[in-house]
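Student: Give me the fold of what follows.
(one chain, ligands or ions: 1)
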Amino acid sequence: MENVLVEDVLHRFLLERAGVRGALVRLGPAWREVATRIDYPVTLRSLLGEALVASALLTANIKLDGELSVQLKSVGALRLLFTECTDQGRLRGLARWDAPLPEPLSLDELPQAVMAITIGNVERGQRYQGLVELRAVNLAGVLENYFARSEQLPARLLLAADGEHAVGLMLQKLPDEGGHGAVQDDDAWTRVMHLTATLGAAELLATEPDQLLYRLYHEESVRLFDPRPLAFGCSCSRERVAAMLRSLGREEVETTLVEQGGRIEVHCEFCAQCYEFDRIDAEQLLRGVGGVSGTA
Ligand SMILES: [Zn+2]
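Tutor: Down below sits the predicted model:
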């Protein structure tokens, strides 16, 4: 194979004959960075992998300036799941849970669960948040409903993750007169759905992107766009940790200083980077005077 971009990459494509646009994300090393950071139960690890892939897939057809995140909160055993993809293709994610998790982990049965997709730019404070109804068992089904509601176009998603790879395929029917240069016929979407239905999770995980697309859709004239590289990456910074501490307030910061023997250590849960603040740093950041330099 000459194509070296087979892992940690987003492929956008058009099925020209059918008038369907799509994206295929295949994660290897980037997923393993996230998956192995915490010893996740297998069911939760799968869901986290699917959500990480989904956050990348959802950036495929939007003009992103900042980050796109998928966040799920519940009062049950699965407390939090968060994944993010930036406009630079940097991915991160984590989940928090209380053992034991229900088996299977059905999204429509999580108690008081709320899911949101947030698109925005943290630095500039601009954010758009869409709530996602959890009316399907799995994440792919939940997101298909979300697309049907928010974009009023049929969409199909396949998501799968194991310990090695996390892979996702997204298909969207284009509007009938979209100026997208694709020729549509009446049963094109149905035909593409039939082809897609032959794809199981094992094949999705095991097959390289260009082979997969050719195998499924070679009769639909696949047009592949330039692939976008993805990678694990964290957007944490000393400035952001300082802002978080400032938001806790003086009392909390001073209590923590006393408890931790005159310094505050903050570990990033996504990338394990450690940020340390001594009394002088803490005083500076509480006064809001550029107090973010110093021990790094
Ligand atoms: Zn970090």
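
Student: Distance check, the most centrally placed residue in the chain against the ion.
Tutor: The structure's the chain has its C-alpha centroid closest to S55; by CA atoms, centre = their mean the separation is 2.6 Å. Using CB to the ion, to the nearest Å, one gets 16 Å for the distance from S55 to the ion. From N, CA and C alone the C-beta is placed, and that goes for glycine too.

Student: Going by neighbour count, list what's buried in the helix or strand hosting that residue.
Tutor: Remark: S55 resides in helix 42-57, with elements defined by DSSP states H and E. Neighbour counts using 16 or more other CB atoms under 10 Å place 44-57 of helix 42-57 among the buried residues.

Student: Contacts for the very next helix or strand once past that helix, please.
Tutor: If you walk from helix 42-57 toward the C-terminus, the next helix or strand you reach (DSSP H and E) is strand 67-73. Outside of strand 67-73, the residues within contact range by CB atoms under 8 Å, 6 or more residues apart in numbering are 51, 54-55, 58-59, 62, 78-87, 107, 110, 113-122, 235.

Student: With only the CA atoms kept, save strand 67-73 in CSV.
Tutor: What follows is strand 67-73, C-alpha atoms only, in CSV (Å, rounded to 0.1, in the frame of the first residue of the first chain):
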residue,chain,number,x,y,z
GLU,A,67,-13.5,22.8,19.2
LEU,A,68,-16.4,20.4,18.8
SER,A,69,-17.3,18.3,21.8
VAL,A,70,-19.7,15.5,22.6
GLN,A,71,-20.7,15.4,26.3
LEU,A,72,-22.9,13.0,28.2
LYS,A,73,-23.9,13.3,31.8
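
Student: Adjacent strands (with direction) for it?
Tutor: strand 78-86 (antiparallel), strand 114-121 (antiparallel) (DSSP bridges).
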